[in-house]
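Participant: Everything below, folded, please.
(one chain, ligands or ions: 2)
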Amino acid sequence: MDTVWMKEEEIYKAAELLKQGEVVSFPTETVYGLGADGTNDAAVKKIYAAKGRPSDNPLIIHIANLAQVNEYAQGISEKARIVMEHFWPGPCTLVLNKKGPLAETVTAGLDTVGIRMPDHPIALKLIELSGKPLAAPSANSSGRPSPTSAEHVYHDLKGKIAGIIDGGETGVGLESTVLDLSDSCKPVILRPGGISKEALEAVIGPVMFKPELSSQSDVPMAPGMKYTHYSPSEPVVIVSENGIGWKKAIRHYENKGEVIGLLASEDIIKEFKTTHNCSFSLGDKQDIASASKRLFKGLRYFEETKATVILAESYNRIGIGEAYMNRLEKAAGNKVI
Ligand code: TXA
Ligand code: MG
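Facilitator: Ligands and ions are numbered 1, 2, ... in the order given. Take a look at the predicted model:
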């Protein structure tokens, strides 16, 4: 199949393809999504096929106005309404009790559904023009870093999808926070993202992280326990704040004959860059938003270099730092030095 590369002005063409049951990638404020009509089972199946995504992992649906929430969710609690009011459009997906004519494959058989209203003019316009809720996971091949540009999508999915709308680089750079409010007494963050736990708690009170998430920071280096998620082709190792430090870590891998890719803040790169290694700057160490925006691009960057191992910088788990560390730990399979 030819994958059509579309500019923003060609959004009408993209909406037509969606109406015909095709899949099209579009920009959101977080990462690029791979959209299909969420009420068309055959179309949604094409998403799973193009990504190579396991069919038991549910998709989220993207809506453009609040009336659409009432069409696809029921028993919506006061807390859910408050979160929508404060954070939509924006990088927060709500898991709610499902209702209405959604394709069975969207929710992978669950009786809940993830819904979000993206904060991006192209995404909102595309949803409106298509007249449907758009089921859309991140537009990467399953297991790869999520795409933050149309080029990333093209690299992974060309020939497998009908089109891509190029809206430039995405802003947040990490996927939305997934907040389970299907039981309003127990709000649980299933995936940290652009809206922090602190920001949610300021408006709805106590929120928990899913237990598996909070334990990850302390998991020791465990070869063989590698996740295959957000993974570039080179192994990733996190240089921890309380580990052996950059100098020794670099020497350790150089002695093994590795070519190092430094994925780090400007200061670390200035200090440790040599002619033998490669580097990709995450920006100023104080600027966690910049590091989050650039993480996935950086992971993909080293595939075009001679680097054989990526040493990546650890950041404080404050605000979006929680999401940054969550993605980095998965990319590294929890390998820390
Ligand atoms: O920022 C984002 O959320 C991006 C953009 C494109 O909107 N989308 C995205 O989709 O990251 P995806 O499919 O890559 O991740 C959705 C996450 C998955 O971890 C999935 O397991 C979870 O949301 N999820 C979806 N529906 C769910 C449900 N009913 N219950 C629990 N988890 C759900
Ligand atoms: Mg994804």
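Participant: alpha carbons only for contacts and neighbour counts from here, please
Facilitator: Will do.
Participant: what's near enough to touch the closest residue to Glu241 other than its chain neighbours?
Facilitator: Nearest non-adjacent residue to Glu241, counting by Cα to Cα, 6 or more residues apart in numbering: Ser314, 6.7 Å away. For Ser314, the contacting residues are Ile238, Val239, Ser240, Glu241, Met325, by Cα atoms under 8 Å, 6 or more residues apart in numbering.
Participant: Would you tell me which strand is longest in this structure?
Facilitator: The residue-count maximum for a strand in the chain (DSSP state E) belongs to strand 92-98.
Participant: any residue of that one up close to ligand 1?
Facilitator: Yes - contact of strand 92-98 with ligand 1 (Cα under 6 Å from any ligand atom) involves Val95.
Participant: Now do that strand: everything it contacts.
Facilitator: Taking Cα under 8 Å, 6+ apart as the rule, strand 92-98 contacts 60, 72-76, 80, 111-117, 176-182, 193-195.
Participant: what does this protein put close to ligand 1?
Facilitator: Residues of the chain found near ligand 1, taking Cα under 6 Å from any ligand atom as the criterion, are 30-33, 57-60, 91, 95, 107, 112-114, 136-138, 175-176, 178.
Participant: Sort out for me which of those residues are in strands.
Facilitator: Gly33, Ile60, Val95, Thr112, Val113, Gly114, Val178.
Participant: For those residues, work out which two are farthest apart.
Facilitator: Gly33 and Thr112 (20.5 Å; Cα to Cα).
Participant: Please say which of these two ends up with more neighbours.
Facilitator: The residue with more neighbours, out of Gly33 and Thr112, is Gly33; 27 against 21, by other Cα atoms under 10 Å.
Participant: need the contact list for that one.
Facilitator: Going by Cα under 8 Å, 6+ apart, Gly33 touches Ser25, Phe26, Pro27, Ala136, Pro137, Ser138, Ala139.
Participant: Double-check the first one against Gly35; I have them as touching.
Facilitator: Yes - with contact defined as Cα atoms under 8 Å, Ser25 reaches Gly35; the gap is 5.8 Å.
Participant: quick one: low-confidence ranges for the stretch 151-300 of the chain?
Facilitator: Where the stretch 151-300 of the chain drops to pLDDT under 70, the residues are 214-228.
Participant: Go again with 90.
Facilitator: 184-185, 211-233, 241-243, 274-276 (pLDDT under 90).
Participant: Lys45 is in contact with Val23, correct?
Facilitator: No - here Val23 does not reach Lys45: they are 9.7 Å apart, not a contact under Cα under 8 Å.
Participant: Please say which of the two ends up with more neighbours.
Facilitator: Each of Val23 and Lys45 has its neighbours counted (other Cα under 10 Å); Val23 has more, 29 against 18.
Participant: distance of the more buried one from Glu212?
Facilitator: 33 Å (Cα to Cα, to the nearest Å).
Participant: doesn't Leu263 fall inside a helix?
Facilitator: No - under DSSP: H, G, I helix; E, B strand; the rest coil, Leu263 falls outside any helix and is assigned strand.
Participant: Next, count neighbours for it.
Facilitator: For Leu263, the neighbour count with other Cα under 10 Å is 29.
Participant: what bridges to the closest residue to it other than its chain neighbours?
Facilitator: Counting by Cα to Cα, 6+ apart, the nearest residue to Leu263 once its immediate chain neighbours are dropped is Ala312, at 4.6 Å. In this entry, Ala312 is beta-bridged to Ile238, Leu263, by DSSP bridges.
Participant: what residues are up against Ala312?
Facilitator: Ala312 makes contacts with Val236, Val237, Ile238, Val239, Leu262, Leu263, Ala264, Leu328, as judged by Cα under 8 Å, 6+ apart.
Participant: now swap in Pro235 and tell me
Facilitator: Thr308, Val309, Ile310, Ala332.
Participant: Let's see that with 7 Å instead.
Facilitator: The neighbours of Pro235, taking Cα atoms under 7 Å, 6 or more residues apart in numbering as the test, are Val309, Ile310, Ala332.
Participant: Which stretches in the chain count as helices?
Facilitator: 11-19, 41-51, 67-72, 78-87, 121-130, 150-157, 197-204, 211-215, 246-255, 266-272, 288-301, 321-331 (DSSP state H).
Participant: count of neighbours near the closest residue to Arg317 other than its chain neighbours?
Facilitator: Closest residue to Arg317 apart from its sequence neighbours, by Cα to Cα, 6+ apart: Met325 at 6.8 Å. Number of residues near Met325 (other Cα under 10 Å) recorded here: 22.
Participant: same deal with Pro91?
Facilitator: 24.
Participant: And Ser55, by the same measure?
Facilitator: Other residues near Ser55 number 15, with proximity taken as other Cα under 10 Å.
Participant: For ligand 1, see how far away it is.
Facilitator: Per Cα to the nearest ligand atom, to the nearest Å, Ser55 is found 11 Å from ligand 1.
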